[in-house]
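**Q** here are the coordinates; sequence isn't available:
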C-alpha cells in the first residue's frame with residue numbers, strides 16, 4: 001500500500017513539473033495573461049485528477065500487483081523525463 005500511495009505523491013510531482021515546464025514555455029500576452037494562466041492551471045489540474053483516477057482504477061488500488069508495478073515504472077520514467085523541471089526557481 002505504501003508504494004501505491006508513493007505513486008500518488010509522485011504523480012502530483014509529475015504534474016507540478018509539467019506545470020513548471022508549461023509556464024516556462026508560455027509566451028506572455030499582457031492582455032490575456034490572467035486568462036491564459038488560469039486556463040493552463042485548470043487544464044493541468046484536470047489532467048492531474050484524471051491521471052490519479054486512472055492510476056487507482058488500473059491498479060485496483062494496488063491490488064493488481066502486476067499493473068501496480070507497471071505504473072510505478074511508468075511514473076518513475078516520467079519523473080526522469082521531467083527532471084529538468086524539478087527546480088521551481
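**A** Structure's in. What do you need? Note that this is a predicted model, so its numbers are computed, not measured.

**Q** next, the residue most central in space within the chain: phi, psi?
**A** Central residue of the chain (Cα atoms, centre = their mean): residue 15, 2.6 Å from the mean position. Torsion angles at residue 15 (phi, psi; degrees, to the nearest 10) stand at phi -80, psi -30.

**Q** distance of the nearest residue to it once chain neighbours are set aside from residue 4?
**A** Nearest residue to residue 15, sequence neighbours excluded (Cβ to Cβ, 6 or more residues apart in numbering): residue 48, at 4.1 Å. For glycine as for every other residue, the C-beta is placed from the backbone atoms N, C-alpha and C. The spacing between residue 48 and residue 4, counted by Cβ to Cβ, to the nearest Å, is 17 Å.

**Q** quick one: distance of stretch 32-44 to the chain centre.
**A** Stretch 32-44 sits 17 Å away from the centroid of its parent chain (Cα atoms, centre = their mean, to the nearest Å).

**Q** ok, longest helix in this protein?
**A** What stands out as the longest helix in the chain, according to DSSP state H, is helix 33-59.

**Q** OK, contacts around the residue nearest to residue 15?
**A** Neighbouring residues of residue 48 by Cβ atoms under 8 Å, 6 or more residues apart in numbering: 11, 12, 15.

**Q** give me the pLDDT for it.
**A** We have a pLDDT of 98 for residue 48.

**Q** my read is that the residue nearest to the centre of the chain contacts residue 51, right?
**A** Yes - judged on Cβ atoms under 8 Å, residue 15 makes contact with residue 51 at a distance of 7.3 Å.

**Q** just the element for residue 7, please.
**A** Element membership for residue 7 (DSSP states H and E) is helix 2-25.
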